[in-house]
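Enquirer: okay, here's the prediction I keep looking at, along with the sequence it came from:
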Amino acid sequence: MKPHHLALALILLAALWRGLAVFEPAFFNVAPVTALAFCSAVFWRDRRWWLVPFAALTLSDLWLNHYHATEFGYTWSSGGMLLRAGAVAAALGIGRLVATRRSVPALIAGSLGSSLIFYLVTNTMAWAGDVFYPGSLAGWWQAMTVGHPEYPPTLWFFRNTLFGDLFFTGLFAAALQGATTWEARRAPAERLTGSPA
């Protein structure tokens, strides 16, 4: 399997994972879309491939919006979806920076930065749009740390986001590196035999 095909399969599986994770509360926010956007910019020079994480985010957002409307009676705003897309775009920008000096520490730092931006953007959006939170610094801090009392703390969601981004960044990087190495080893054998291996 060529590296781009493997990467595409991983991104599609990531979108599926994000959509199905709602059925298991332990996996809330263990969402790989930000990590895959970050890795797309790190590993792909062809910017057309960068659209794939946005497509995965949009499709999974539409499904999750439908799920929340059906189960809980609320929907996400289009502005919220755009802000999430902006956080994914920021992950692409961080990925471009990391691509120039690709290393394990840079991948970890980039993944952490992408997670933090996504967390800050989405929780600030929740603070600004939810009447439960006071419109003050204390209200913003509540949105960042404990959230609504009837739900798990928002720091719990950040922990899951962080774990998901680090895990899927590692998986994506290892899979692409393995596929690239395999492709590089296969090419000389094809030249020697004159046929695909």
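Expert: That came in fine, so what should we check first?

Enquirer: please list all residues in contact with the closest residue to residue 134 other than its chain neighbours.
Expert: Excluding its sequence neighbours, the residue lying closest to residue 134 (Cβ to Cβ, 6 or more residues apart in numbering) is residue 142, at 7.6 Å. Just so you know, the C-beta spots here come from the backbone N, C-alpha and C atoms, and that holds for glycine as well. Residue 142 makes contact with 127, 133-134, according to Cβ atoms under 8 Å, 6 or more residues apart in numbering.

Enquirer: which of these count as buried?
Expert: Neighbour counting by 16 or more other Cβ atoms under 10 Å classes 127, 133 among these as buried.

Enquirer: can you redo the contacts of residue 142 as JSON lines with distance to residue 177?
Expert: What follows is the contacts of residue 142, written out as JSON lines (distance: Cβ to Cβ, whole Å):
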{"residue": "127", "distance to residue 177": "39"}
{"residue": "133", "distance to residue 177": "43"}
{"residue": "134", "distance to residue 177": "48"}
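
Enquirer: nearest to residue 58 among the contacts of residue 142?
Expert: Nearest to residue 58 among the contacts of residue 142 is residue 127, at 24.0 Å by Cβ to Cβ.

Enquirer: isn't that closest one up against residue 145?
Expert: No: counting by Cβ atoms under 8 Å, residue 145 is not a contact partner of residue 127; they are 11.1 Å apart.

Enquirer: now do the phi/psi pair for residue 164.
Expert: Residue 164 has phi and psi values of phi -60, psi -40 when expressed as degrees, to the nearest 10.

Enquirer: so how far is residue 84 from the residue nearest to residue 134?
Expert: Separation of residue 142 from residue 84 (Cβ to Cβ, to the nearest Å): 21 Å.

Enquirer: for the contacts of residue 142, which one is nearest residue 178?
Expert: Nearest member of the contacts of residue 142 to residue 178, counting by Cβ to Cβ, is residue 127, at 41.6 Å.

Enquirer: residues touching that closest one, list them.
Expert: Contacts of residue 127 by Cβ under 8 Å, 6+ apart are 133, 139-140, 142-144.

Enquirer: if we only consider the residues you listed, which is nearest to residue 98?
Expert: The closest of the contacts of residue 127, once distances to residue 98 are taken by Cβ to Cβ, is residue 144, at 25.6 Å.

Enquirer: spatially nearest residue to residue 109 (excluding sequence neighbours)?
Expert: Nearest one to residue 109, counting by Cβ to Cβ, 6+ apart, is residue 98 at 7.6 Å.

Enquirer: and the contacts of the host helix or strand of the one you found?
Expert: According to DSSP states H and E, residue 98 maps onto helix 78-99. Residues outside helix 78-99 that contact it (Cβ under 8 Å, 6+ apart) are 33-35, 37-43, 50, 53-54, 57-58, 61, 65, 106-107, 109-110, 113-114, 117-118, 121-122, 125, 129.

Enquirer: buried subset of those?
Expert: 33-35, 37-43, 50, 53-54, 57-58, 61, 65, 106-107, 110, 113-114, 117-118, 121-122, 125.
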